[in-house]
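Chemist: below are the sequence and a predicted model; questions follow.
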Amino acid sequence: MVTDRGPNGEPKVNGEKRRTFPVPEFAPAIVRVAVRDGKARIVRSIPLKKSDGTPITGLSNQAGHDETPYTWDGLTRLSYDPNGLDTEDVVTDGHDGFWLVDEYSPSLVHVAGDGRVKARYVPKGLGLTGAGYPVHETLPAVFATRQQNRGIEALGISPAERALYLAVQSPLANPDKATGKASSVARILRVDLRTGRPTGEWAYKMEDVATFDPAAEQGDMKISALTVLRPGRLLLQERTDAVSRLYTVDLRKATDLLGGVHDDPATTPSLEAALPADVTVAAKSLAVDLAAIDGLPGKIEGVAVLDPKTIAVANDNDFGLGTFGPDGRLVDSGVTSRILTIRLPRPLR
């Protein structure tokens, strides 16, 4: 499993929402978790590090591209950190290392077994400088228009294709934030394991929130997990904080957008604003309605396929971050981290 960027909040100060980091020195970490007799325990923690072995942070990277980081009370600005990662999903690379995805750039990150970042792959033209590890601009430039706090959150590996599949958490803010919030068109990217370069890109139509979760808004729809079932076929999660469902997705007859006009942020209307008639979205069908399972926690963000009829899911409890007292001490939310194993009535295909 992997942590995200660390405890953070979004209080309102002078009418402005500010991104706060109560523990700014927190280093995101890969953790090995053992489950036995109904209890989970961390057996190893691998903090992420720069090339020289010093820990990174989870702080925002760039002024003008990322949210401004503040102290816990939202009153004092913190320094940006070009090494900072907001990690969201993890797979092993088959050679003692890991692949991660990040929400800031957004980016794909290759990490050695000891936690050192070997390479970070970001959108073309991002201009991220000053990092203590190699940074390569290989992803489509349009991915840099991701909504704040809505970068790449889902990652799956396909050993047969020597490829990774990535999904952006929400529609891109392309050309603006209002378009992204109203859109239901997300993007899936396939990347070559050896080069970090994309080899395919597809449009994915998310569900209409009015029928998915009537208590939420379209901008609350998110993609938080995916698994590769076989080449070109994925198990992908759509969710709000309250409702989660898994869909089988077939990319084989969808339009490959890679390198075309929809990778150019200057294209109008954008893919997110108006889906063109000549673009075929990925086919999908409901596989598992997690919302129908009693006792499941909210905010499911991790999904793993253990075998064709068994999955494991995990929630994000945001470090138990509730509110802060006037002395700066955390008032715990009482929400625990949970891992649940679910037996399916029929196998995934």
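Modeler: That came through fine.
Chemist: where does the stretch 201-349 of the chain dip in pLDDT?
Modeler: 328 (pLDDT under 70).
Chemist: spell out for me which residue occupies the centre of the protein.
Modeler: With distances taken as C-alpha atoms, centre = their mean, Glu153 lies nearest the centre of the chain, 1.0 Å away.
Chemist: you'd agree that one is up against Leu226?
Modeler: No: using C-beta atoms under 8 Å as the test, Glu153 is too far from Leu226 to be in contact (9.3 Å). Every residue, glycine included, has its C-beta placed from N, CA and C.
Chemist: identify the contacts common to the two.
Modeler: Ala167 (C-beta atoms under 8 Å, 6 or more residues apart in numbering).
Chemist: who does Tyr70 bridge with?
Modeler: Thr20, Arg77 (DSSP bridges).
Chemist: okay, now the domains of the protein?
Modeler: Annotated domains of the chain cover 1-137, 140-349 [automatic domain parsing].
Chemist: from the chain's centre, how far out does stretch 268-280 sit?
Modeler: Relative to its chain's centre, stretch 268-280 lies at 24 Å (C-alpha atoms, centre = their mean, to the nearest Å).
Chemist: contacting residues around it?
Modeler: Contacts of stretch 268-280 (C-beta under 8 Å, 6+ apart): 171-175, 179-180, 183, 185, 187, 203, 205, 253-255, 257, 262, 281.
Chemist: okay, that stretch in PDB with CA atoms only?
Modeler: Extracted C-alpha coordinates of stretch 268-280, given in PDB (Å, rounded to 0.1, in the frame of the first residue of the first chain):
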ATOM      1  CA  THR A 268     -11.500  24.000 -28.900                       C
ATOM      2  CA  PRO A 269     -13.900  22.800 -28.000                       C
ATOM      3  CA  SER A 270     -12.000  20.500 -25.700                       C
ATOM      4  CA  LEU A 271     -12.800  16.800 -25.200                       C
ATOM      5  CA  GLU A 272     -14.000  17.600 -21.700                       C
ATOM      6  CA  ALA A 273     -16.400  20.300 -23.000                       C
ATOM      7  CA  ALA A 274     -17.900  18.400 -25.900                       C
ATOM      8  CA  LEU A 275     -17.300  14.800 -26.800                       C
ATOM      9  CA  PRO A 276     -16.900  14.700 -30.600                       C
ATOM     10  CA  ALA A 277     -19.000  12.300 -32.700                       C
ATOM     11  CA  ASP A 278     -15.800  10.700 -34.100                       C
ATOM     12  CA  VAL A 279     -14.500   9.700 -30.700                       C
ATOM     13  CA  THR A 280     -15.700   6.300 -29.400                       C
END
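Chemist: buried set for that stretch?
Modeler: For stretch 268-280, burial by neighbour count (16 or more other C-beta atoms under 10 Å) applies to 270-273, 275.
Chemist: between those, which is nearest Leu85?
Modeler: Distance to Leu85 across the buried residues of stretch 268-280 (C-beta to C-beta) is lowest for Glu272, with 25.2 Å.
Chemist: for the closest one, phi and psi?
Modeler: Torsion angles at Glu272 (phi, psi; degrees, to the nearest 10) stand at phi -70, psi -30.
Chemist: how close does it sit to Thr71?
Modeler: To Thr71, Glu272 is 34 Å away according to C-beta to C-beta, to the nearest Å.
Chemist: and for Asn149?
Modeler: According to C-beta to C-beta, Asn149 and Thr71 sit 18 Å apart.
Chemist: quick one: which of the contacts of stretch 268-280 sit in helices?
Modeler: 179-180 (DSSP state H).
Chemist: narrow the contacts of stretch 268-280 to those that are buried.
Modeler: 171-175, 179-180, 183, 185, 187, 203, 254-255, 257, 262, 281.
Chemist: which of the residues you listed fall in strands?
Modeler: Of those, the ones assigned to strands by DSSP state E are 185, 187, 203.
Chemist: so the last one bridges to which residues?
Modeler: In other words, Ala203. Counting by DSSP bridges, the residues bridging with Ala203 are Arg187.
Chemist: my guess is it contacts Asp263, does it?
Modeler: No: with contact defined as C-beta under 8 Å, Ala203 does not reach Asp263; the gap is 11.8 Å.
Chemist: find residues that contact each of those two.
Modeler: Leu257.
Chemist: in a strand, that's where Leu246 is, yeah?
Modeler: Yes: counting by DSSP: H, G, I helix; E, B strand; the rest coil, Leu246 is located in a strand.
Chemist: grab the nearest non-local neighbour of it.
Modeler: Spatial nearest neighbour of Leu246, excluding adjacent residues (C-beta to C-beta, 6 or more residues apart in numbering): Val288 at 4.1 Å.
Chemist: burial of that neighbour, as a residue count?
Modeler: The number of residues packed near Val288 is 22, by other C-beta atoms under 10 Å.
Chemist: distance of it from Ala314?
Modeler: As judged by C-beta to C-beta, Val288 and Ala314 stand 15 Å apart.
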